[in-house]
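>>> what's the 3D shape of this:
(one chain, ligands or ions: 1)
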Amino acid sequence: MERPKSMLCKGLLLTDPEHPPQPGWIRVEGGRIAEIGRGHTDEKAEVGGAEVILCPAFIDAHIHLPQIDSVGCDGLELLPWLEQVVFPAEAWWGAGAAASMTRTAVQRMVREGTFGFAGYLTSHAQAGAMALGMLASGVDGARLRFAAGRVAMDRNAPAALIDEDIARARMNPTPGVALSGDGLGDRGEVSVNPRFAIACTDELLAECGWLVRKRAESGRPIVMQTHLSESVPECRWIGELFPGDRDYTSVYDRAGLLTERSVLAHAVHLSDAEFELIAQRRAVLAHCPIANTFLESGLFDLDRAREHGVRVALGSDVAAGVDIAMPRVARAMIEIAKIRKMTISPGADVPKPSEAWSMITRGNADALGWSDSGRLEVGAHADILALRVPETWRDGFLIGRLLYNWTSDLIVDRVVAGARVARVDGVS
Ligand SMILES: [Zn+2]
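Residues are numbered from 1 along each chain as shown. You can find the predicted model right below:
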């Protein structure tokens, strides 16, 4: 890792995907963008070059670090897939694999240009604290920006994954669902992650809600991540487990879990009343198109979410999502919208590539409450990609060409938190 006090990047600045990149330079200091200039400079730059495109790195709004090696176990619907693929992987993480899996996850994100994420660990408190420490201090020189936390779950899963929350509830009347958020620096924050209502009793959801409320009162609102309405059998089971609630979304609302820092993954089978409630609470839906296809969960209705004024982010959802590269997640969102338009919803709007690109950079940052990430602006975290593309791509279709031809080979340099990460998992 190189960490110069000040670093100059120069090239074609892609500050707004609606407009062609323009010659310019970026001075980075102390991990942030200190200065941006337009035009050419003769000053020697550490990163970039006249023909190199500089753009903000990507942000993933939904990923499971312990599932990093579980991609591709096909043929199962959500609930059996959790049982047969995910729970064994998460038990493995708790049994000693957390450090190596955290490292692998960071390497793969960095390779594909993702320098910020909202993620899940497992329910193991000690392994989780270790993983958070690793993330905060950096893996191979890459200090990603993150909101991550241990998963809270106390039923309908193997003992190895629910024992800690059950024991805590018995021993300790003080809510302890989250790990301490101190000491993670300016790049990391702890989130509270009740897995989904099937795996959480009312008491555990209430405990998570208590923490959300306490943190809001303290002026440091916490990110809350959970899953919502992913598959039809899941929704049916929720109806049986919570017969007194109007719908799935109301279960979380009753526990006080819906705030503008809540990230609800999937939301494939929502009623209008649920979309309305989510819009009222200003909570964010993490649309995970690749995961929804892989598990055959359904086709997210982006149009309807937008009609209701719901905030939408994009997530890889590795490992249900079989691709960690955010440009390919963005492309999948466009493809799902096209499929809806060609089949069930002829009037559907299809997002333009520039909109999709905005979502995986500035949009996801804003959704996570990081208004100083995902953009090339003075004061923003210096998470920058240098891309080399064929000259013929630099026309009005540039962003579509990037999304549809994406490969990490396009990245010639990576600046993570103001530090140049020169070697990434075999990529030099
Ligand atoms: Zn997920």
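>>> got a pLDDT number for Gly24?
In the predicted model, Gly24 carries a pLDDT score of 98.
>>> Name the nearest residue to it, ignoring sequence neighbours.
Leu13 (4.1 Å; Cβ to Cβ, 6 or more residues apart in numbering). No exception for glycine: its C-beta is placed from N, CA and C like everyone else's.
>>> which parts of stretch 253-270 are buried?
253-259, 261-270 (16 or more other Cβ atoms under 10 Å).
>>> Give me the distance between Gly244 and Val251.
Taking Cβ to Cβ, to the nearest Å as the measure, Gly244 falls 9 Å from Val251.
>>> swap in Pro56?
On the measure of Cβ to Cβ, Pro56 and Val251 end up 36 Å apart.
>>> before we move on, what about Leu78?
Taking Cβ to Cβ, one finds Leu78 at 17 Å from Val251.
>>> Just list the residues touching the nearest residue to Glu112 once chain neighbours are set aside, thanks.
Spatially, and ignoring its direct neighbours in sequence, Glu112 is nearest to Ala325 (4.1 Å; Cβ to Cβ, 6+ apart). Residues counted as contacts of Ala325 (Cβ atoms under 8 Å, 6 or more residues apart in numbering) are Glu112, Gly113, Thr114, Ser316, Trp406, Ser408.
>>> The closest residue to Gly49 other than its chain neighbours pairs with what?
Once flanking residues are discounted, Gly49 sits nearest to Gly11: 6.0 Å by Cβ to Cβ, 6+ apart. Here Gly11 sits in beta bridges with Gly24, going by DSSP bridges.
>>> For Val192, give the beta-bridge partners.
Met224.
>>> For it, grab the count of nearby residues.
Residues lying near Val192 (other Cβ atoms under 10 Å) number 29.
>>> list the contacts for it?
Gly149, Ala152, Val177, Ala178, Cys208, Leu211, Val212, Ile222, Val223, Met224, Gln225 are the contacts of Val192 under Cβ under 8 Å, 6+ apart.
>>> would CSV of those with pLDDT and distance to the ion be doable?
Shown next, in CSV, are the contacts of Val192 (pLDDT from 0 to 100; distance: Cβ to the ion, whole Å):
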residue, pLDDT, distance to the ion
Gly149, 95, 13
Ala152, 96, 14
Val177, 49, 18
Ala178, 48, 18
Cys208, 95, 16
Leu211, 93, 20
Val212, 96, 19
Ile222, 95, 18
Val223, 97, 14
Met224, 98, 14
Gln225, 98, 9
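>>> Helices - which of those residues land there?
Assigned to helices by DSSP state H, the following of these qualify: Cys208, Leu211, Val212.
>>> May I ask you to confirm that the first one is in contact with Ala152?
Yes: shown here, Cys208 and Ala152 form a contact pair, counting by Cβ atoms under 8 Å, at 5.8 Å.
>>> can you pull out the strands in the stretch 51-200 of the chain?
58-64, 114-120, 145-149, 151-152, 188-194 (DSSP state E, counting those that start in this stretch).
>>> right, and Trp27 touches Glu35 too?
No, residue 27 isn't Trp; it's Arg. Yes: contact criterion Cβ under 8 Å: Arg27 and Glu35 qualify, at 4.0 Å.
>>> more neighbours, the two?
Arg27 (19 against 12).
>>> Who has more neighbours out of Gly244 and Val251?
Shown here are Gly244 and Val251; by other Cβ under 10 Å, Val251 has more neighbours (21 against 8).
>>> same question for the strand or helix carrying the more buried one, mean pLDDT?
Secondary structure assigned from DSSP states H and E places Val251 in helix 248-254. What helix 248-254 shows for mean pLDDT is 98.
>>> Between the contacts of Ala325, which sits nearest the ion?
Ser316 (9.3 Å; Cβ to the ion).
>>> how about the most centrally placed residue in the chain, what does it touch?
Residue closest to the mean C-alpha point of the chain, counted by Cα atoms, centre = their mean, is Ala61 at 2.0 Å. Taking Cβ under 8 Å, 6+ apart, we find Ala61 in contact with Phe117, Ala118, Val263, Val284, Ala286, Ala313, Leu314, Gly315, Asn364, Ala367, Leu368.
>>> Wait, the first one touches Ala142, no?
No: judged on Cβ under 8 Å, Phe117 makes no contact with Ala142 at a distance of 11.9 Å.
>>> Which of the two has more residues huddled nearby?
Using other Cβ under 10 Å, the more surrounded residue of Phe117 and Ala142 is Phe117, with 28 against 20.
>>> which one is the more buried one nearest to, not counting chain neighbours?
Closest to Phe117 by Cβ to Cβ, 6+ apart is Asp60, at 4.2 Å.
>>> Then Val47?
Nearest to Val47 is Cys9, by Cβ to Cβ, 6+ apart, at 4.0 Å.
>>> Isn't that neighbour up against Leu387?
No: look at Cys9 against Leu387 with Cβ under 8 Å: they stay out of range, at 12.0 Å.
>>> Now list whatever residues contact both of those two.
Counting by Cβ under 8 Å, 6+ apart, the residues touching both Cys9 and Leu387 are Leu54.
>>> Between these two, which has more neighbouring residues?
Using other Cβ under 10 Å as the criterion, Cys9 and Leu387 rank with Cys9 on top: 26 against 21.
>>> buried residues in whichever strand or helix holds that one?
Under the criterion of DSSP H and E, Cys9 resides in strand 6-13. Buried residues in strand 6-13, counted by 16+ other Cβ under 10 Å: Met7, Leu8, Cys9, Lys10, Gly11, Leu12, Leu13.
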